[in-house]
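J.: quick one, what's the 3D model for this:
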Amino acid sequence: MAEHHTVPSMTRTFILALFIAAVLGGGLLIGATNVPGGWYATLNKPPFNPPNWVFAPIWSVLYIMIAIAGWRVWMRERGGTPMAIWFVQLGLNFLWPPIFFGLQRPGAALIVIAALLVTIAMFIVQTCDNDRVSAWLFTPYAAWVAFAAVLNMSIVMLN
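T.: Numbering: from 1, shown residues only. So this is what the prediction gives:
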């Protein structure tokens, strides 16, 4: 991480704080404005559907991990493929709740979450050789989004 060492520690810390604020703040804002409401309560859900309260703490931890991975890649290679993929996955991540909850379109949301899972896998592949920490930071995210995709698909099939 040659570029990483040329940036003063205070600047690196400030950039990390910006990444966490943007990702965690953006995720919390999207979550707060796209809450499961009456429509979601009426949907048939599979037996493995977690209670609603589980999602906010899990996503909060994942958003911090996503932010750290993005920051690490940013410090290493701002204009590279991994950073581009990171931005695409974040956009897809932030797009899913308004489509699923806001527009009440689980079928369309399933397409978005499938694309999100692909971009997460692409990020892991792109970073596994040069930045294993970032790749590992995305592994729980990949597992959770895969679970969420199965949940989304089940809701589509049951309704």
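
J.: what's in contact with the host helix or strand of Thr11?
T.: Element membership of Thr11 [criterion: DSSP states H and E] is helix 9-33. Contact with helix 9-33 is made by 4, 7, 55-56, 59-60, 63-64, 66-68, 70-71, 74-75, 90, 93-94, 97-98, 102, as judged by C-beta atoms under 8 Å, 6 or more residues apart in numbering. (Glycine included, C-beta is placed from N, CA and C.)

J.: before we move on, what about stretch 109-127?
T.: Contacts for stretch 109-127 (C-beta under 8 Å, 6+ apart): 69, 73, 81-82, 85-86, 88-89, 92-93, 95-96, 99-100, 134-135, 138-139, 141-142, 145-146, 148-149, 152-153, 156.

J.: ok, stretch 59-79 next?
T.: 1-4, 7, 12, 15-16, 19-20, 22-24, 27-28, 31, 80, 82-83, 86, 89-90, 93, 123, 127, 130-131, 133-134, 137-138, 140-141, 144.

J.: buried ones among those?
T.: Buried subset of these (neighbour count, 16 or more other C-beta atoms under 10 Å): 16, 19-20, 23-24, 27, 31, 82-83, 86, 89-90, 93, 123, 127, 131, 134, 137-138, 141, 144.
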